[in-house]
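Participant: structure for the following, please:
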Amino acid sequence: MFQRTLAQSIHVTGVGLHSGERVALTLHPAAENSGISFRRTDLAGKQGEAIALNPYLINDTRLSSTIVTEDGVRVGTIEHIMSALSAYGVDNALIELNAPEIPIMDGSSLPFIYLLQDAGIVDQKAQKRFLRILKEVKVEEPGKWVKFTPYEGFKVTLTIEFDHPVFNRSSPTFEIDFAGKNYVDEIARARTFGFMQEVELMRAHNLGLGGNLSNAIVIDDTDVLNPEGLRYPDEFVRHKILDAIGDLYIVGHPIIGAFEGYKSGHAINNALLRAVLADPEAYEWVEFKGDGELPPAFHHLPDDAA
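Facilitator: This is a model prediction of the structure:
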């Protein structure tokens with residue numbers, strides 16, 4: 001299976017979730033083996049150079065997965081666009097933006113899916129590299145845990161837990177095996193969510209200034225405030241899976257293995273990636289010359305807008 005990039009550059013404008021400012025975002029094709037890179041076009045000199053993404057650059061996970069470089073360059077809220085890039089098997093791309101955070105769009109990854117469809121996806125000549133999990137790797141923190149286990153495919157299982165009536169109306173656990181289920185149908189439309197009291201607190205600290213009912217699910221003491229309701233009955237846990245897929249794709253390669261988490265978040269997801277990479281016996285790099293050897297989860301990566 002070959003590496004992939006975009007067929008052409010594509011541009012969109014949106015709003016930063018925390019700054020509330022307009023953000024111009026452009027996705028460009030990139031060379032084989034270059035990976036996913038980000039570049040702040042509003043910065044000059046060394047700070048304006050492209051940043052090749054890797055798990056060790058995620059140095060702020062308080063509100064999102066945020067790149068923070070040694071030079072202090074920040075690129076925040078990358079998890080939704082990374083989730084979309086994972087779904088389309090994009091290995092190489094340059095993402096340019098003129099602000100410290102990726103625009104929130106509608107709070108899901110669906111607008112980024114549409115962007116990739118509009119740009120088109122093309123195969124390159126170099127072989128795609130996969131990271132295969134060889135043994136269980138688990139990271140535990142008080143009240144939460146995440147783990148990888150060997151699995152010939154890609155499967156994600158997550159459980160959330162919130163003491164709130166809205167969350168009691170659907171299952172707290174969702175599992176998706178990408179050998180038989182479609183990311184765009186099952187995951188991409190799930191939006192980020194927050195509680196009204198948290199929104200008010202963030203705004204008091206000049207955060208969440210771009211958040212509103214058109215780009216997030218907002219919950220008060222008893223119910224969902226969005227007039228249209230939920231896109232899935234269990235949209236909350238599905239969004240956590242969307243986030244996790246984006247967080248895991250920060251490693252820059254598709255993962256052959258099963259990911260499972262209980263009350264996972266950006267920090268612990270990143271800690272799991274680092275734990276895997278720190279143990280040479282936990283993983284191996286593999287390539288597949290023909291589709292016959294390819295795990296079924298990767299047989300049907302969408303090609304383009306067709």
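Participant: residue nearest the centroid of this structure?
Facilitator: The residue lying closest to the centre of the chain (Cα atoms, centre = their mean) is Gly246, at 1.7 Å.
Participant: what residue ranges in the chain score low on pLDDT?
Facilitator: Along the chain, the parts satisfying pLDDT under 70 run over 299-306.
Participant: the helices in it, which residues?
Facilitator: 79-87, 110-119, 183-186, 196-204, 235-248, 266-277 (DSSP state H).
Participant: and these: which comes nearest Asp71?
Facilitator: Set against Asp71 and scored by Cβ to Cβ, these come closest in helix 266-277, at 20.1 Å. For the C-beta atoms, the positions are set from N, CA and C on the backbone; glycine is no exception.
Participant: who's in contact with Glu141?
Facilitator: Glu141 is in contact with Ile268, counting by Cβ atoms under 8 Å, 6 or more residues apart in numbering.
Participant: how close does it sit to Glu198?
Facilitator: As judged by Cβ to Cβ, to the nearest Å, Glu141 and Glu198 stand 20 Å apart.
Participant: got it, and Val15?
Facilitator: Counting by Cβ to Cβ, the gap from Val15 to Glu198 is 19 Å.
Participant: what do you get for Leu43?
Facilitator: 30 Å.
Participant: again with Ala271
Facilitator: Separation of Ala271 from Glu198 (Cβ to Cβ) stands at 23 Å.
Participant: is it true that Trp145 touches Tyr262?
Facilitator: Yes - using Cβ atoms under 8 Å, Trp145 makes contact with Tyr262 at a distance of 5.3 Å.
Participant: more neighbours, Val15 and Glu198?
Facilitator: Val15 (20 against 15; other Cβ atoms under 10 Å).
Participant: count of neighbours near the closest residue to Leu116 other than its chain neighbours?
Facilitator: Ranked by Cβ to Cβ, 6 or more residues apart in numbering and with sequence neighbours excluded, the top spatial neighbour of Leu116 is Tyr88, at 5.0 Å. A count of nearby residues for Tyr88, using other Cβ under 10 Å, gives 22.
Participant: what's the answer for Gly143, then?
Facilitator: Considering only other Cβ under 10 Å, Gly143 is surrounded by 8 other residues.
Participant: do Ala50 as well
Facilitator: 14.
Participant: torsion angles phi and psi at it?
Facilitator: phi -70, psi 140 (degrees, to the nearest 10).
Participant: okay, and the beta partners of the closest residue in space to Leu115 that isn't next to it in sequence?
Facilitator: Take Leu115 and drop its neighbours on the chain: the residue closest to it by Cβ to Cβ, 6+ apart is Ile10, 5.5 Å away. Beta bridges link Ile10 to Leu27, judged by DSSP bridges.
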